[in-house]
Each structure stands twice: as structure tokens, then as C-alpha cells.
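Colleague: Build me a model:
(2 chains, ligands or ions: 2)
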Amino acid sequence: MALRLPSLRRAARWVPALCITLAMLALAGCSTDGYPQTTLAPKADFAELLDQVFRRSFQLATIVFFLVEGALVWALFRFRGKPGDAEPEQNHGNTMLEVVWTAIPAVILVFIAVPTIQVIFKTAETPTDNPLVIEVTGHQWWWEFRYPEYNLVTAGDMHVPTGRTVDLRMTTGDVVHSFWTPQLAGKRDVFPGRDNRLWFKTETPGTYPGQCAEFCGTQHARMAFQVIAQDPDAFDAWRGGMAEVGAPADSGGSAPSPLVAQGQQLFATKACVGCHVVTAVGAPTMVGPNLAGIGTRSTIASGWLPNTDENLARWLKNPQEVKVGVLMPNLGLTDEEITALVAYLRSLSVVPAPGAVAMTAAGN
Amino acid sequence: MSTIAMGHAGTEAAPAEKKGLWSWITTVDHKRIGILYGVTAFIFFLLGGLEALLIRWQLGAPDKTFLSPEAYNQLFTMHGTTMIFLGVMPLSAMFFNYFIPLQIGARDVAFPRLNAYSYWVFLFGGLVLNASFLFNAAPDMGWFAYANLTSKQFSPGLNVDFWIIGLQILGIASLAAAVNFFVTILNLRAPGMKMMRMPMFVWMSLITQVLLLLAFPIITVALVLLMLDRNFGTHFFVPSGGGDPVLWQHLFWLFGHPEVYILILPAFGVVSEILPVFSRKPLFGYAAMVFSGCFIAFLGFGVWSHHMFSTGLGPMADTVFSLGTMLIAIPTGVKIFNWIGTVWGGSIQYKTPMYFALGFVAMFIIGGLSGVMHASPPADLQQTDSYFIVAHFHYVLFGGSIFALTAGAYYWFPKMTGRMLSEGLGKVHFWLMFIGFNLTFAPMHILGLNGMPRRVYTYSAGMGFEFWNAIETAGSLILGFSFLVFIVNILKSLKSGEVATADPWHGATLEWSIPSPPQEWNFAVEPTVDGRDPLWELRRANGGTLPEPARVSGKGIHLPSPSYWPIVTAFGTAMTLVGFLMHVTLWVILAGLAITMIGIFSWAFEPADH
Ligand SMILES: [Cu+2]
Ligand SMILES: [Cu+2]
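Modeller: Ligands and ions are numbered 1, 2, ... in the order given. Model prediction:
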């Protein structure tokens, strides 16, 4: 043999160092800081129920892991054969032992199965505490949210009040997607013609990212959304503001600047209206997301790009380049037209801006 | 006492080996077909590995544009499809082919020509599937192909059609092979080899064939329905016509879950052969191993909906499928404990096959434990479709199947080639693979639990996914490199490796009683068996050593004659199905059917000594 390798005994010296490194890595792996989409720091009742079951099974699995791997590794060192060893005892099994190690896993599983079944039935209940119903619809590749109680439609950002149960009724406008809000409610697939449910109640204001979890075509990776939880006052302010967005000047809206007016003109003539609606109240579902409130939406292109003027302009210049395969065509707009459109879109803002409200809410 | 002809007195010179391409094309020798399976599957496996490396490179940093979304979606779909149908399954088939007859003391499989046919159909299926790349239409909807994304409306290209046809062709190969091995194991065992004396690899292979026979018809039907939907206007899975996408999920996983056991049971078998030999101690709890294998296979048909906990099947279904899944953990645990029981108290010989077999046990435990976690629907509601699942099934399929199959490759290479693989390179291979594997897949647990979904071509900076993804990509390079070491080892050893004796490891089973590589007829004299470890019993009776078996002339031993009709028939079969690729291409279908018919008749009526 040309290659000489360290013997097991020498390799064993590295075991403590290796263990420490692994332990440190494991600790680093346990921290959920810096993971806005973590499942390990639930912020709503539903996700907490899921987390309880996970923690139970994780703890038991960790114990079993150390016992079984420990036994294996110990045997590997202890029963290392040396040259000239006699043939070891030829035993073929041990019925007692085999019965025991069939029974022990069964018992452990009971400890996982009981909370599992409890939580399955608990999470399957329909909330009855005057929940806020939100109808969620997946589209390639964006999310639509309807609030029947307020006759409002929006997309991308799902605003919810804290302290009130949110009852999600979910379906899809095209293919199967999966609505996943890790910190609030886990995930549920959405099917055409079906009404799938999830619910949650959070007490913590904040912005919780989520994204589509079922492969749904080219841009599955870029089908994200934010859940924006606000205290009830801020939430009411948001929905009040939403109801005003895009209202014509003569019915209470303020008179637009010339640039905005030009943008509005372009919006009507450049096919945008074929796919987008700029009012939220009672708006129909279109090919593209509802744009009421786009001026103050947290992101564009479905939870991906920060909603800055530059990104909006980039988007309008050629959506196909920003998000390949997206169902919004390149409309061949000039830079001037884009400037006007960006100004117009920015004017479609919710007043007061929800970001500011959310921040004050969190600050209070 | 077992009788095995050792040092058999045939003094005539062995006849010249058959050589040349033509001899491979017409071979019906199970050993050569096994090698064909092995080489072909290994090439496909490397292709699947290359796809994986491209995927990992794209995910190595956030917002990378190395691959377009379309390219990424094709690559991850082809990676999964390739590894399952063209990598792991046919690599197992290599061992079925080569070693089932040898381990049961037979001269060939029950239907040698059908065996050749299976291989050629498999090859054509793999080629059709990969031909999609030439048309820039590689399947791009995931290996699970969830409806209704697969409908003509949302996937107008040929991508889905290539997948359907490729899988249909491969399914025929798998079914034909399964019939063959099932009959072989039941009917061709050497005298005295009762069912409960069969080597564990043969047992696990038998169970695998049963799974194949029961599971593949389901996917065949599902694929036919999908093809009808796409090309003939039916609405089995299309909601606008009253169909149901969830029906696809049921059919797919009704096949897909047993498929998981099709991928892992042969690995269980291989490891159950290796651990006793290198512990110098019989397998612990043979009967429990057999029954737990049967139990796993049986339960495997009743747990498919655990892939669908996020579908919203309702609390009753979730409960039942959850409990069923947890139940599978029990026989699986029995297997793990029995493997540990096998090495416990043994005298462990640290040879390369043992390294990989022990690596298998250590990694499979992890995959099993994470599996128990998502057997619980509430936990799975977070984990499903996240990287946690990717971690889980790679611990089972790579840490499990691939480690075990690699162990098998090191174990049986001497028997197949007459050369030993280098132990030094073998151990380098092991450590690189072990470290690379864990660096690649362990962090996926962390990423998944922290919210990284699967099947995404990229992720945004600021989600916290950067660090572990970078580590994973680095790990995947080490993993890829380990296979280069393996290839070097194979090539070097084939040329100049140490010459292998008939029984280099002191094996317990019949294949080690005949020369390495075996002669065409395997056993010059039919062995008889009266125990589970016939060769050990013989060696003990013989005072600890056995003479090296001689190569004999084999005069008067009747063997099936070579034939080119299997490849012709296989070509016709594949052609017929390709005729359905673009709607209906009638002349292709008719020509394919004609070739198939001519092939079958000629094969049936070919004189025996042609
Ligand atoms: Cu989606
Ligand atoms: Cu998706």
C-alpha cells in the first residue's frame, strides 16, 4: 500500500478537538438571530403549537442520537480487531435484547404521537373568536390578499392587527403554491377550487417575511410576501388609508402634480390598466397585483426588491430582465415615461405611511 | 455439511473469454449485464452529480446569476430524476444482477434474455430522458411533477413530455427486471438454501422486487393519465375540467414512498453482508432482520400521505398517516440495533468496505431521526418543502444508499474484476466523502429550520442563508473530489491492482467459493447448502483455510446462447413510447411496435445453439 494513513488510535487524539468544533458549530446553528424567516422563534399561537411538537421530537431525537451513535462509536473502538485475534464468539442474536429494543422506540414514539395528535386536532379547528377573515390567493408569482370585512384588496404586504385571530382562506388563481409564514402559522398548500385554512393570532407587532414553498414554475424562488402585524389602531389607519388610495381628485383626493398627472395618463394608455387596478375597494382580481398603496408597499416584485424609486424604474424598464419569465411584459417605456410612472406609482401611497406607523407602534 | 466444490479437479485449460463489443451487445450473462448496469449507472450518477455541483455553485452566494431560473429548474429536476432512476436504482440492479445468482448458487438468472432486455430498455430510457437537454427542453417541474403545473396550460413545452416518456421506458425496464429477480430468487436457489438461509442481501433484494412489482404499475398509470391530460384533452388532474391536482399527489406518492424503500432496501442488504464479514461474526438477529424488512415494505404502502401533510387532508388523515409513519421507525430501529449488535463483540477488520458500511450506519441513524421529526404533521408543517427535508433525504439516500452501494463496490470489486481496489485510496475516498457529505448536507438542517425553502434557484441577501450555503457549496466540492479519487482508484486497480484471490475477505457466502472473476458458468458443480454462512462452515470444517478454487474448462455445461434480439426488442419498445412524445407520431409508434414484435418472435424461436 503506497499511502500511509494515521491509525485509528492516532486519529482518536483529534476527537476532543473535533467535538468542540462541532459543538460550537451546533451552537452557532441553534441561534436564530439573523434569520427573519426562522421557524424556531414563533411569534403567534399557531406557530407556537407547531413549535411545541417540534421541540419535543427534537429533544427526544437528540437523546436517541447521542445514545445510539455513542454506542456505535464506542463499539468501533472497543471491538477493533488486532492481527492474530481469535475468532470472536459467534452469537446469532438475543431475543430478550431484541424485544427490548423494539419496545423502547415504541415507547418513545408515544411521547411524540400524543402531542402530535393533540396539536393536529387543535390546529384543525376553525377559529370562532370573531376572526378577521383574509382570503389569500396565490398567483404566478405573487400573493393577493382580500379583506371581505372591509371590501379591500392588496398584494405582497398582508397587514394584520395584533390581538385578533386572523383566519386565512386560501386558494390559487393558477397552479399549486404553498403559503408559508414560518413565524406565524407554518405552511399550507393552495389548490384551484379549494379553500384551505390556516389561522393565527399574534401579539407582537412586526414585519414577518414568508414565501411560497411549493414549486410553482420559473420564479418560485421569488414569490415572497410580508405579513405586517400592527396594533389595532395602526391597522385601522392603514385600512382607512387604503380605502382612499387612487380616488379621483374631485372625490376628495388632492390634486396631483403635473408629473404625477402625466404618469397617471401613461398608466391608462400603456396597457397597465389591462393588468393592474389602482384602487383597493372592491377591486377585481387581475393578471397583475393590485397597485393601491404601491407607493408605501415594503417591496416590489413580490417581497424581493426594496421599494425604492430606482428599483421601480428598473422594474418598469424591463421586468423580464429583473425577474425572468414574469407575467408582466416589457412595455418598451422611455426613461421619461418611466420617471412619470414612478412618480405616479409613488403617489399611490397610504397615508399615514404604514412603515412609520409600524415603527411608532413597535416603539410604544 | 455444505458441499461446495473447492479446488475442483478440472485440469483442462479454461476456454478463451469472449471479447469485443459484439459480445457485450449480445451477452445474456448476468455478470456481464451486471457490469453494463454498473458502468452505465455510474456514468449517469456522475452526470447527476455534475448537475448537483452546478446547483450548489448557483446557491453558494445570494442572488447569484450563474444559472438562469429556467436552467436551475431543469437541473434540479434532472438531478433528482437522474439520481433516483438512473443512478441509485440501476446501481442496485448491478448488484442484483451480479450477486443474486452467485449468492444463491445459480448459473444465471431465470430469464437471461429478459435480463439483457431490461438493461437495454434502461439504457434507452436514460438516453431519451437526457436527450431532452439537446432540445433545450429538459424536465423542469421537479421530479415529483406536481399537477396542475404539469398541464399543457402552464407547461406548454416538451419538458414534461420527455419526463413522462423517459420514466415510462425506465418503468418497463424495472418491471421486467423485477419479475426476473423475483423468479430467480424463488426458483433457482441451490439445494438446501431454504428461504431462512438466504443471504440478507438476497432477502432484501427479494423484498425490493416485490416493491417494484407493486409500485411501478401505479406510476405507470399516473403517467398515462398525465399524458392523456396533456396530449388528448382529458382532465384527470386539470381542475377546470373537474379534475383534481391532489389526485396526482396521491398516485405519485403511492408510488413514491415505496420507491424510497426500493432505493434503500438493497443498501440494507449490502451492509448486512459486509458488517458480519468484517466483524468476523454472524449477522445479529437474522430473523428480525428479515421480518423487519418485510414489515417496512408492507407499511411502506400505507404512509404515502406523509408527503402531503401541508395539502390539508384533514385531521383524521393526518393522524393516521402520521402514526403509520412513526410505526415504520420501529422496524427501522430494529435494523440499526441489529447492525450495532453485529459489530458488538466482534473483531472488526478495518478494510475500506467496512469503513463505508459503518459510515452508512452512522449517517442513516441521522436520516432516520430527522424522518421521525417530520412524521409529526405539526412539525412537518414547518419542515416540508424546506431544506430540512433536503437534508433528511440526502442523509437517507446519500448517507444511506450511496454509502452502502460504495461499500458494496469495494467489497465485491475483487470478485467482479479479479483485482483488489487500493486500500489507501479507498480510505482517502472514504474520509473525503464522509467529510464532504456532512459539510454539504448537515447545514441544510439548520437552513431549513430557519426558513429556507427548497427548489429555489436563489435567495436574497439578508435572509441569513449566506453562511451555511457557502459552507455547503465548499462541502459539495470535496464530495465531488472524493469521487475523482474513487475513479482513479478503479482505473489504477483495474490496470495494476493486487490480484484478488477467490476469497480475499474471508466471506461467508457462496460467491467467495469460486474464482475471481467467476467463470461464465459460475459454479462448475452445483453447491449444496445447509446453513446461513456456508463458506464459514466449510472453512471451519476444513481446519480454518480453504484451497484456492481452480479455473476449469466447463465442458458440457449448458449456458444460454448470446442473442441480439433483446437489444432489438428493447429498441422497438423505446421507439414505440417515443412515438407518444409529441402528441402521436403514428409512423414511429407503428415502426416501434413492428420492431418489438419481430424482436419477440425471433427471440422466442431462435435455436438454442445459434
Ligand atoms: Cu408559488
Ligand atoms: Cu412556489
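Colleague: so where's the stretch 151-300 of chain A uncertain?
Modeller: Low-confidence regions of the stretch 151-300 of chain A, defined by pLDDT under 70, span residues A:248-254.
Colleague: just the strands in it please.
Modeller: If DSSP state E, counting those that start in this stretch is used as the criterion, the strands of the stretch 151-300 of chain A fall at A:152-155, A:157-161, A:166-172, A:177-181, A:186-190, A:196-200, A:206-212, A:224-230, A:299-300.
Colleague: Looking at those strands, which is nearest to chain B?
Modeller: Nearest to chain B among the strands of the stretch 151-300 of chain A is strand A:186-190 (3.5 Å), distances taken as C-beta to the nearest C-beta. (Each C-beta comes from the backbone N, C-alpha and C, glycine too.)
Colleague: orientation of the closest one relative to strand A:177-181 in degrees?
Modeller: In this structure, strand A:186-190 runs at an angle of 160 degrees to strand A:177-181, with axes from the mean of the first three to the mean of the last three C-alpha atoms, to 10 degrees as the basis.
Colleague: So is strand A:186-190 next to chain B?
Modeller: Yes - residues of strand A:186-190 contacting chain B under C-beta under 8 Å from any C-beta of the partner chain: A:186, A:187, A:188, A:189.
Colleague: Check those and tell me the two furthest apart.
Modeller: Taking C-beta to C-beta as the measure, the residues of strand A:186-190 next to chain B span a maximum distance of 11.4 Å, between A:186 and A:189.
Colleague: Now do the shared contacts for these two.
Modeller: Common neighbours of residue A:186 and residue A:189 are listed as residue B:310 (criterion: C-beta atoms under 8 Å, 6 or more residues apart in numbering or on different chains).
Colleague: hey, where'd the helices end up in chain A?
Modeller: For chain A, the helices identified by DSSP state H occupy A:8-12, A:15-30, A:45-78, A:95-124, A:232-244, A:258-269, A:272-275, A:309-317, A:319-322, A:335-347, A:354-363, in order along the chain.
Colleague: Same question for the stretch 201-350 of chain B.
Modeller: B:245-279, B:286-299, B:315-343 (DSSP state H, counting those that start in this stretch).
Colleague: buried ones in the first one?
Modeller: Using 16 or more other C-beta atoms under 10 Å in any protein chain shown as the burial criterion, the residues of helix B:245-279 that qualify are B:245-246, B:248-279.
Colleague: Ok, stretch B:60-74 next?
Modeller: By neighbour count, and taking 16+ other C-beta under 10 Å as the criterion, the buried residues in stretch B:60-74 are B:60, B:61, B:67, B:69, B:70, B:71, B:72, B:73, B:74.
Colleague: Closest one of these to residue B:328?
Modeller: Distance to residue B:328, by C-beta to C-beta, is smallest for residue B:73 among the buried residues of stretch B:60-74, at 31.6 Å.
Colleague: And the average pLDDT for stretch B:500-512 is what?
Modeller: Mean per-residue pLDDT for stretch B:500-512: 95.
Colleague: what residues go with each domain of chain A?
Modeller: Under the assignment named as automatic domain parsing, the residue ranges that make up the domains of chain A are A:32-124, A:258-347.
Colleague: between the ones you listed, which one is nearest to residue B:112?
Modeller: Distance to residue B:112, taken as C-beta to C-beta, is lowest for domain A:32-124 among the domains of chain A, at 35.6 Å.
Colleague: Over to that closest one now: how far is its first residue from its last?
Modeller: Using C-alpha to C-alpha, to the nearest Å, one end of domain A:32-124 lies 28 Å from the other.
Colleague: As JSON lines, the helices of chain A with distance to chain B and mean neighbour count would be great.
Modeller: Conversion of those to JSON lines gives the following (distance: least, C-beta to the nearest C-beta, whole Å; neighbours: other C-beta atoms under 10 Å in any protein chain shown):
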{"stretch": "helix A:8-12", "distance to chain B": "7", "mean neighbour count": "11"}
{"stretch": "helix A:15-30", "distance to chain B": "4", "mean neighbour count": "11"}
{"stretch": "helix A:45-78", "distance to chain B": "4", "mean neighbour count": "17"}
{"stretch": "helix A:95-124", "distance to chain B": "4", "mean neighbour count": "16"}
{"stretch": "helix A:232-244", "distance to chain B": "24", "mean neighbour count": "19"}
{"stretch": "helix A:258-269", "distance to chain B": "28", "mean neighbour count": "17"}
{"stretch": "helix A:272-275", "distance to chain B": "18", "mean neighbour count": "14"}
{"stretch": "helix A:309-317", "distance to chain B": "13", "mean neighbour count": "17"}
{"stretch": "helix A:319-322", "distance to chain B": "11", "mean neighbour count": "15"}
{"stretch": "helix A:335-347", "distance to chain B": "22", "mean neighbour count": "20"}
{"stretch": "helix A:354-363", "distance to chain B": "17", "mean neighbour count": "17"}
